[in-house]
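K.L.:
fold the following, please.
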Amino acid sequence: MGQIQYSDKYFDDTYEYRHVVLPPDVAKLLPKNRLLSENEWRAIGVQQSRGWVHYAIHRPEPHIMLFRRPLPQAHRQAAAGGAAPK
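P.N.:
Numbers count the residues shown, from 1 in each chain. This is a model prediction of the structure:
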């Protein structure tokens, strides 16, 4: 059984992102046409802190799960060029 691999986090002005690569034996458990809830992705062994949402399916590589979560307000302001609150 292979291991689940986690990407480094990357972000835009609104969200923090990461992708999770599932080994074939875990990937075959994924439903084909819908996103997973937090309870569902935790049940197949994906481990990450709270707040992550499975937001998209990349059809060419369905074994790669795409996750995002909102950036904290301070990070959004800094990314937009504003000053972060103190």
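K.L.:
quick check: pLDDT value at the residue nearest the centre of the chain.
P.N.:
Geometric centre of the chain, nearest residue: residue 67, 1.7 Å, by Cα atoms, centre = their mean. Here the pLDDT value assigned to residue 67 is 99.
K.L.:
bridged to it, which residues?
P.N.:
residue 18, residue 54 (DSSP bridges).
K.L.:
that one contacts residue 18, correct?
P.N.:
Yes - judged on Cβ atoms under 8 Å, residue 67 makes contact with residue 18 at a distance of 5.3 Å. Where C-beta positions appear, they are placed from N, C-alpha and C, glycine not excepted.
K.L.:
overlap in contacts, those two.
P.N.:
Common contact partners of residue 67 and residue 18 (Cβ atoms under 8 Å, 6 or more residues apart in numbering): 48, 52.
K.L.:
where does this structure dip in pLDDT?
P.N.:
Regions of the chain meeting the criterion pLDDT under 70 cover residues 1, 74-86.
K.L.:
do that again at 80, thanks
P.N.:
1, 73-86 (pLDDT under 80).
K.L.:
list the contacts for residue 30?
P.N.:
Contacts here follow Cβ under 8 Å, 6+ apart; on that basis residue 30 touches 22, 36, 44, 62, 63, 65.
K.L.:
and those residues, which of them are buried?
P.N.:
Listed as buried from the contacts of residue 30 are 22, 36, 65; burial here means 16 or more other Cβ atoms under 10 Å.
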